[in-house]
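# I would like the atomic coordinates for the input below:
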Amino acid sequence: MEKQFNQNLSGQSQQSRKVALYCRVASRSQADAGAINIQMEMLRNYAHQQGYAACMEYCDDGFSGNSLDRPAFMEMDKDIKSGKVDTVIAKSFDRIARNYLLAENWLDSLAVHDVKFIAADGSHDHSVFSKDFIQELMRYERNQKQKNGKATKVEGDYV
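Numbering: from 1, shown residues only. This is a model prediction of the structure:
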């Protein structure tokens, strides 16, 4: 788990935002290969390009996306609820959770705190990303796995 305040980002238009950069890798081999550092560097660059001046960093290195029960994620969520964060940037939607319904419910909770979520890869637009779409996506993924001969579960089978 890592949480630090990075003042080295310069920017103009977004300087007043309280930004959280969140990264996660699930496997020990990804962690050992430094994938978390690569992911965080990409987030720093993205934040800089978008004009965010100061970012808090939260990293869960070697934690599955099947649950939100991850040390850095829970710390970030606590900071969101206490008003320390008003924008969350992650590489992609699946860095929040591999269980799309779980992730979507968490994203819904951000609205209560007036917090914005940004997927740096553009994979998520919360205004058009509905639970119906997520359910269809999950059905599609289950069907693809069944075609490939892999067993599936209705919920929680994403890493």
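
# Please make it C-alpha for all contacts and neighbour counts, starting now.
Noted.

# sec struct for Glu57, please.
Reducing the assignment to helix, strand or coil with DSSP: H, G, I helix; E, B strand; the rest coil, the entry for Glu57 is strand.

# What is the burial count for it?
Each residue near Glu57 was counted by other CA atoms under 10 Å, and the total is 23.

# and if you look at Asp108?
Counted by other CA under 10 Å, the residues lying close to Asp108 total 13.

# Doesn't it lie inside a helix?
Yes. With three-state DSSP as the criterion, Asp108 is assigned to a helix.

# which residues does it contact?
In this structure, Asp108 makes contact with no residue, judged by CA atoms under 8 Å, 6 or more residues apart in numbering.

# show me the contacts for the residue nearest to the spatial centre of the chain.
If you average the C-alpha coordinates of the chain and look for the closest C-alpha using CA atoms, centre = their mean, you land on Ile96, 3.3 Å from that point. Listed by CA under 8 Å, 6+ apart, the contact set of Ile96 reads Arg24, Gly65, Leu68, Ala90, Ala103.

# Looking at these, which are in strands?
When the contacts of Ile96 are checked against strands (DSSP state E), the matches are Arg24, Ala90.

# Could you dump the contacts of Ile96 into a markdown table and include neighbour count and pLDDT?
Written out in a markdown table, the entries for the contacts of Ile96 read as follows (neighbours: other CA atoms under 10 Å; pLDDT from 0 to 100):
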| residue | neighbour count | pLDDT |
| --- | --- | --- |
| Arg24 | 30 | 94 |
| Gly65 | 25 | 90 |
| Leu68 | 19 | 95 |
| Ala90 | 24 | 95 |
| Ala103 | 21 | 84 |
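
# Tell me which stretches of this structure form strands.
Listed in chain order, the strands found in the chain under DSSP E are 2-6, 19-25, 55-61, 87-90, 116-119.

# Worst mean pLDDT among the ones you listed?
Taking each of those in turn, the one with the lowest mean pLDDT is strand 2-6, at a mean of 39.

# Now flag whichever of the contacts of Ile96 is closest to Lys116.
Ala90 (11.3 Å; CA to CA).

# so the closest one touches Tyr22, yeah?
Yes. At 5.0 Å, Ala90 counts as touching Tyr22 under the criterion of CA atoms under 8 Å.

# hmm, back to that, out of the strands of the chain, deepest packed?
Each of these was given a mean neighbour count from mean count of other CA atoms under 10 Å, and the largest, a mean of 26, is that of strand 19-25.

# which residues are contacting that strand?
For strand 19-25, the surrounding residues in contact (CA under 8 Å, 6+ apart) are 31, 35-36, 39-40, 43-44, 52, 54-64, 73, 76, 85-91, 95-96.
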